[in-house]
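Trainee: The amino acid sequence is not available; the structure is as follows:
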């Protein structure tokens, strides 16, 4: 009986371990900013963005990943349809480097290279940090959350699309909260004076969108269906 229990535990352990696998990936796409110079326009002034990631798959539903992304962000009041922004005539640009850890959930069972689980939409949420080269507060904590779709193209390679937002805890990506030299700001006849200042109660966001390729580094599926999901 004891030998049977040990044997059973060994079989379960092997099956559980075989569910785990790792992927390496590369991302290419664009990045853009949301803040005082762009309140809500998606894909505004989109700039190049690149990234690398490592994904550790616990099973066909859950994975943990580490992302290292970089790109450009920019904004310009001249692009706005609002008169107060055109009069303010402010602009900025910066390079960002983003490092984050996320938990990823597949809405459908998915395994890279498995023709029985060939695709899935997914959602990811985590925490990270970012460095902005042209900000007076260059290092910031971020909350990245992502949506996407991934699918297999071979036994080792997968492709996908991803749209990710980074919530920050700063209003200084664009440096507008520190902008004190707006002409006419103290003029009582300037009806836009208060709107032209940065709104420190609303922190800036930035976003990346693009395609990625994943490569199965090691691991694979188990033949035991009891542990497949």
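Mentor: Everything's here; your move. Here the structure is a predicted model, which means the values were calculated and not measured.
Trainee: Where does the prediction get shaky in this protein?
Mentor: Residue ranges of the chain with pLDDT under 70: 1-19, 177-201, 219-229.
Trainee: Please enumerate the strands of it.
Mentor: Assigned by DSSP state E, the chain shows strands spanning 21-34, 47-57, 62-76, 91-106, 119-132, 139-152, 157-168, 205-219.
Trainee: Report the contact partners of the most centrally placed residue in the chain.
Mentor: Nearest to the centroid of the C-alpha atoms of the chain, with distances taken as CA atoms, centre = their mean, sits residue 164, at 3.7 Å. Residues counted as contacts of residue 164 (CB atoms under 8 Å, 6 or more residues apart in numbering) are 124, 144, 145, 146, 147, 207, 208, 209. Where C-beta positions appear, they are placed from N, C-alpha and C, glycine not excepted.
Trainee: same check, this time on residue 101
Mentor: When contacts are counted by CB under 8 Å, 6+ apart, residue 101 is found next to 64, 65, 66, 67, 126, 127, 128.
Trainee: who are the neighbours in contact with the third one?
Mentor: Residues touching residue 66, when contacts are defined by CB under 8 Å, 6+ apart, comprise 53, 54, 99, 100, 101.
Trainee: how far away is it from residue 109?
Mentor: 23 Å (CB to CB, to the nearest Å).
Trainee: same deal with the first one?
Mentor: Residue 64 sits 17 Å away from residue 109, going by CB to CB.
Trainee: Near residue 42, how many other residues are there?
Mentor: Per other CB atoms under 10 Å, the neighbour tally for residue 42 reads 12.
Trainee: so what's it up against?
Mentor: Here residue 42 is in contact with 32, 207 (criterion: CB under 8 Å, 6+ apart).
Trainee: Kindly recompute the last result at 10 Å.
Mentor: 32, 34, 163, 165, 207, 209 (CB atoms under 10 Å, 6 or more residues apart in numbering).
Trainee: Which PyMOL command selects the buried ones in the residues you listed?
Mentor: A single PyMOL command selects the buried members of the contacts of residue 42 (16 or more other CB atoms under 10 Å):
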select buried, resi 32+34+163+165+207+209
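Trainee: So which of the contacts of residue 42 is the closest to residue 22?
Mentor: residue 163 (23.8 Å; CB to CB).
Trainee: Would you check that residue 159 makes contact with residue 211?
Mentor: Yes: look at residue 159 against residue 211 with CB atoms under 10 Å: they come within range, at 6.8 Å.
Trainee: Tell me which of these two has more neighbours.
Mentor: Taking neighbours as other CB under 10 Å, residue 159 and residue 211 compare with residue 159 leading, 16 against 13.
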